[in-house]
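1. have a look at this fold, sequence not included:
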């Protein structure tokens, strides 16, 4: 980042937000061919990552983990259900609540997706330590901005 002063503060190349935005867009574009082979969009892939860690989950908890509101999450979940990857069941404890579960097809997709993280690591072309520091910095920034 160049020397910041009142004159250069509003230059695009001095904006951290633009660097993050550009890197995020490039990362999503890099994921696209791999996810196309899985018939998933990037948000669907992130959602499936949560399911592959925890088979049954409430819509509320899933939204908290993905940092998505129900208005964004509901259509995404409906599409995953139409693909046969998840089921949306009523909770036994509270029939107003939905419990989300992986189907057999959702479990099977995990095997096909196992190569994605390593492929992305190779495409990033950065040392593992640098990527881990970048991840930690992004998580700290997220925590600071959402507290």
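-> Thanks, I have the structure now. Quantities reported herein were computed from a predicted structural model and do not represent experimental measurements.
2. all strands of the protein, in order?
-> 56-58, 86-90, 98-102 (DSSP state E).
3. so which bits of the shortest one are buried?
-> To tie it back to what came earlier, the one meant is strand 56-58. By neighbour count on 16 or more other Cβ atoms under 10 Å, the buried set for strand 56-58 is residue 57. The C-beta positions use only the backbone N, C-alpha and C, and glycine is treated the same way.
4. which residues are contacting it?
-> With contacts defined as Cβ atoms under 8 Å, 6 or more residues apart in numbering, strand 56-58 is touched by 50-51, 65, 91, 97-101.
5. most packed of the strands of the chain?
-> Highest mean neighbour count of the strands of the chain: strand 98-102, a mean of 19 (counted as mean count of other Cβ atoms under 10 Å).
6. now find how far off-centre stretch 25-42 is within its chain.
-> Chain-centre distance of stretch 25-42: 11 Å, with Cα atoms, centre = their mean, to the nearest Å.
7. mind checking the pLDDT average for it?
-> Confidence over stretch 25-42, taken as the mean pLDDT, stands at 97.
8. quick one: distance of stretch 45-63 to the chain centre.
-> With Cα atoms, centre = their mean, you get 11 Å for stretch 45-63.
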